[in-house]
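Engineer: using only what follows, build the 3D model:
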Amino acid sequence: MIKSEQEISIMAEAGKKLKFVLTELRKAVKPGITTLDLNTLAERLIIEQGAKVSFKGYQGYPFTLCTSVNEEVVHTFPSDRILEEGDIISLDLGLIWQGWQSDSAITVGVGKIAEEAERLLRITEESLWKGIAQVKPGNTVGDIGAAVQEHAEKAGYGVVRALTGHGIGTKLHEPPAIPNFGKKHKGMSLQEGMVIAVEPMITMGHYNVDIDPKHWTVKTKDGSLAAHFEHTIAIIKNGHKVLTA
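Structural biologist: Down below sits the predicted model:
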């Protein structure tokens, strides 16, 4: 669970590579492109940097990228689906560098999107940074979740309960779980040397979701739009370091 300074340095290199890939994917999102095209681009860019794909083969997931559109929250398979003007898409991606994992996600508008969708994306990303602000030695996972939940619910949105952030290291998912809801000062204490992934999944409607057992996709139960942002963060002596930003 606890990483050395050298190990965190390697994870920071992984994060820098992942940030580059997600930046390029953001540029590629436009009406007319398919989600499978985005997957192909992501895999090529990872390999070109000498890194390894993380998601492909993980617990049987068959692709490099998760491409969740509109009411899809997370874990949607890339396909021949063509993105249309006004859609929003979550791009969730991981890579491995020298044996160490990095994980990050962004939600992007396709062309011009509705004002209400823009607000959802803004509040969700703000919720991520509210949570990250609580990442420091001595705070708890409850401090992170409470900060995310307060900001999102104040805006009138739902905070998904069925899925959480997580610890990360040589494995994609390690303890502890990092819920996006909770109570201040509750839960596991954060320690210097821990590395975690904080990832708010916020809905425009109710937080209840349906999970497709065959195809992984998590969707909002009420069909409302959902957004998802994620960063990998190291806990250091005086606070934190965001490794994917």
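Engineer: which residues does residue 66 bridge with?
Structural biologist: residue 92 (DSSP bridges).
Engineer: tell me the pLDDT at it?
Structural biologist: pLDDT recorded at residue 66 is 98.
Engineer: same deal with residue 213?
Structural biologist: 82.
Engineer: burial check on it, number of neighbours?
Structural biologist: 6 (other Cβ atoms under 10 Å). In short, each C-beta sits where N, CA and C put it, glycine included.
Engineer: likewise for residue 57?
Structural biologist: There are 11 residues near residue 57, going by other Cβ under 10 Å.
Engineer: from residue 172, how far off is it?
Structural biologist: 11 Å (Cβ to Cβ, to the nearest Å).
Engineer: now residue 199
Structural biologist: 12 Å.
Engineer: more neighbours: which of these two?
Structural biologist: residue 199 (25 against 18).
Engineer: can you tell me which residues contact the closest residue to that one other than its chain neighbours?
Structural biologist: Spatial nearest neighbour of residue 199, excluding adjacent residues (Cβ to Cβ, 6 or more residues apart in numbering): residue 230 at 3.5 Å. If a contact means Cβ atoms under 8 Å, 6 or more residues apart in numbering, then residue 230 has 92, 103-105, 128, 165, 197-200, 244 as its contacts.
Engineer: and residue 19, helix, strand or coil?
Structural biologist: Secondary structure assignment for residue 19 (DSSP: H, G, I helix; E, B strand; the rest coil): helix.
Engineer: and the closest residue in space to it that isn't next to it in sequence, what are its phi and psi?
Structural biologist: Spatial nearest neighbour of residue 19, excluding adjacent residues (Cβ to Cβ, 6+ apart): residue 244 at 5.4 Å. Per-residue torsions, residue 244: phi -120, psi 20 (degrees, to the nearest 10).
Engineer: any idea how many residues pack against residue 185?
Structural biologist: That count, for residue 185 with other Cβ under 10 Å as the rule, works out to 11.
Engineer: where's it relative to residue 150, distance?
Structural biologist: 14 Å.
Engineer: now do residue 222
Structural biologist: Taken as Cβ to Cβ, the span from residue 222 to residue 150 is 22 Å.
Engineer: surely residue 201 and residue 75 touch.
Structural biologist: No - using Cβ atoms under 8 Å as the test, residue 201 is too far from residue 75 to be in contact (10.5 Å).
Engineer: which residues in this protein form helices?
Structural biologist: 5-28, 35-48, 115-132, 141-154 (DSSP state H).
Engineer: enumerate every residue touching the residue nearest to residue 163 when sequence neighbours are not counted.
Structural biologist: In space, residue 163 comes closest to residue 201 once its chain neighbours are excluded; the distance is 5.9 Å by Cβ to Cβ, 6+ apart. Contacts for residue 201 (Cβ under 8 Å, 6+ apart) come out as 73-74, 159-160, 163, 180, 226-228.
Engineer: ok, now with 7 Å
Structural biologist: By Cβ atoms under 7 Å, 6 or more residues apart in numbering, residue 201 lies in contact with 73-74, 160, 163, 180, 226, 228.
Engineer: could you list the low-pLDDT ranges of the chain?
Structural biologist: Regions of the chain meeting the criterion pLDDT under 70 are absent.
Engineer: one more time with 90
Structural biologist: Low-confidence segments of the chain, defined by pLDDT under 90: 1, 213-215.
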